[in-house]
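Trainee: I'll drop the sequence and a predicted model, then ask my questions.
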Amino acid sequence: MSSETSNTAPSTRPPFTSGWLAIPSPLARLFKKFPLLTYPPNELPTRSASTRDVATLYVFISDQYALKGLPSFNPSCLKWQTFLKLAGVEFQVAPSNNHASPTGALPFLIPPSNTSNPSAHIPIPSNKLEKYAAEKGTSEIPDVSNLKLEAYESLLDYRIRNAWLYSLYLSRPNSALLSQLYVEPISTSQPIRATILYQLRHAAEAEILKSTGTHVVNSRALYRGAREAFEALSTVLGEEEWFFGVPEPTLFDAAVFAYTYLLLDDRFTWEDPRLREIVKEFPILIEHRNRILHRCWGIQKAKKHSNLQRPMA
């Protein structure tokens, strides 16, 4: 998630040369004296996804955790990372960011290169990963009624997501965590970090206001809405292992897990723990979280991690 700042054009402009690529005269003179040399494109490195024999899912994650195949720290990325595992798709994860994505958002997947079909190497955005999993996965994912999904997906997409955005991006006590995840890996320059932090917060605030249809962000209302949403999810799950009583976990289970896992993950230091504490009120959701954690990562219960590693080098 990012926002762009608009640049105001200066009132006066230096002389420009004519042509489709006009540059200031001083630079034009410099290039005439030292012409640009364009080198041919470099070959893809051996660690590039297109030279791999397995698919690669690009997500927000640290280099260290990517090598171990551990969960992403971003809910959207973790949702699809979990779902592909549940579907039995063979893949690996790699660190990336929105600017490196063909669609401008993570995650995206590069299929394996062990095929003669050129179209098989085209990046697959997140909205096509469910179809990819159905074609390449070894586990059959049960169907769930759209009527059930629509009602409960809105709880995730609006109430819980808005509270997550506020807690991580706008709650000042959690600024250190936000910086550690999304700001510090990008630059060591304090002015650049300050700009990125402002852009992230501005974008998060805009999304919340658009979603809630209000003019002011009300943190109490957001947390209250999140608690009601988690309570509804706990109720619908009930005594079942998976949501809606299906025999195997679905994409919806992965989406719920993406929030419950991250909010209770000991890698995160929530100085403002209100959203984390809300999840702790619902043992049924915690047990659901641990079941998926065990199934997908072989972890019987949440383990305590050492200090959070930086997401990207």
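Mentor: That came through fine. Numbering: from 1, shown residues only.
Trainee: rest of the way, CA atoms for contacts and neighbours
Mentor: Noted.
Trainee: Go ahead and confirm Thr260 touches Ile286.
Mentor: Yes: counting by C-alpha atoms under 8 Å, Ile286 is a contact partner of Thr260 at 7.1 Å.
Trainee: Look at those two and report which has more neighbours.
Mentor: The neighbour count for Thr260 versus Ile286, taken as other C-alpha atoms under 10 Å, is higher for Thr260 (22 against 19).
Trainee: how distant is the strand or helix carrying that one from the center of its chain?
Mentor: Here Thr260, judged by DSSP states H and E, is contained in helix 251-264. From the chain centre to the centre of helix 251-264 is a distance of 12 Å (C-alpha atoms, centre = their mean, to the nearest Å).
Trainee: burial count for Glu135?
Mentor: Count around Glu135 with other C-alpha under 10 Å applied: 11.
Trainee: 2 is where my numbering starts, stick with that
Mentor: Sure, I'll start counting at 2 from here, so that last one is Glu136.
Trainee: quick check: mean pLDDT across the helix or strand containing it?
Mentor: Taking DSSP H and E as the criterion, Glu136 maps to helix 130-137. In this model, helix 130-137 has a mean pLDDT of 95.
Trainee: so after that helix, what's the next helix or strand?
Mentor: helix 147-155.
Trainee: Just the C-alphas of the helix holding Thr261, formatted as PDB.
Mentor: Listed next in PDB are the C-alpha coordinates belonging to helix 252-265 (Å, rounded to 0.1, in the frame of the first residue of the first chain):
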ATOM      1  CA  LEU A 252      -9.800 -20.000   1.400                       C
ATOM      2  CA  PHE A 253     -11.900 -18.400   4.100                       C
ATOM      3  CA  ASP A 254     -10.100 -20.400   6.800                       C
ATOM      4  CA  ALA A 255      -6.800 -19.100   5.300                       C
ATOM      5  CA  ALA A 256      -8.200 -15.500   5.400                       C
ATOM      6  CA  VAL A 257      -9.200 -15.700   9.000                       C
ATOM      7  CA  PHE A 258      -5.900 -17.300   9.900                       C
ATOM      8  CA  ALA A 259      -4.000 -14.500   8.300                       C
ATOM      9  CA  TYR A 260      -5.200 -12.100  10.900                       C
ATOM     10  CA  THR A 261      -5.400 -14.300  14.000                       C
ATOM     11  CA  TYR A 262      -1.900 -15.700  13.400                       C
ATOM     12  CA  LEU A 263      -0.300 -12.300  12.900                       C
ATOM     13  CA  LEU A 264      -2.100 -10.700  15.900                       C
ATOM     14  CA  LEU A 265      -0.900 -13.400  18.200                       C
END
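Trainee: between Thr261 and Ile287, what contacts are shared?
Mentor: Listed as contacting both Thr261 and Ile287 by C-alpha atoms under 8 Å, 6 or more residues apart in numbering are Val280.
Trainee: Any stretches of the chain with poor pLDDT?
Mentor: Low-confidence segments of the chain (pLDDT under 70): 2-53, 115-121, 301-314.
Trainee: hmm, try it at 90
Mentor: 2-54, 65, 98-105, 113-123, 144-152, 186-189, 267-268, 299-314 (pLDDT under 90).
Trainee: which residues in it form strands?
Mentor: Using DSSP state E, the strands found in the chain span residues 56-60, 92-96, 109-111, 125-126.
Trainee: out of the ones you listed, nearest to Asp266?
Mentor: Smallest distance to Asp266 across the strands of the chain (C-alpha to C-alpha): 17.6 Å, for strand 56-60.
Trainee: how far off strand 92-96 does the closest one point, in degrees?
Mentor: For strand 56-60 against strand 92-96, the angle by axes from the mean of the first three to the mean of the last three C-alpha atoms, to 10 degrees is 30 degrees.
Trainee: what comes up buried for stretch 206-223?
Mentor: Residues of stretch 206-223 classed as buried by neighbour count (16 or more other C-alpha atoms under 10 Å): 206, 208-210, 218, 223.
Trainee: Could you dump the residues you listed into JSON lines and include distance to Arg160?
Mentor: Formatted as JSON lines, the buried residues of stretch 206-223 follow (distance: C-alpha to C-alpha, whole Å):
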{"residue": "Glu206", "distance to Arg160": "14"}
{"residue": "Glu208", "distance to Arg160": "12"}
{"residue": "Ile209", "distance to Arg160": "10"}
{"residue": "Leu210", "distance to Arg160": "12"}
{"residue": "Val218", "distance to Arg160": "13"}
{"residue": "Leu223", "distance to Arg160": "7"}
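Trainee: Between those, which sits nearest Ala134?
Mentor: The closest of these to Ala134 turns out to be Glu208 (C-alpha to C-alpha; 29.4 Å).
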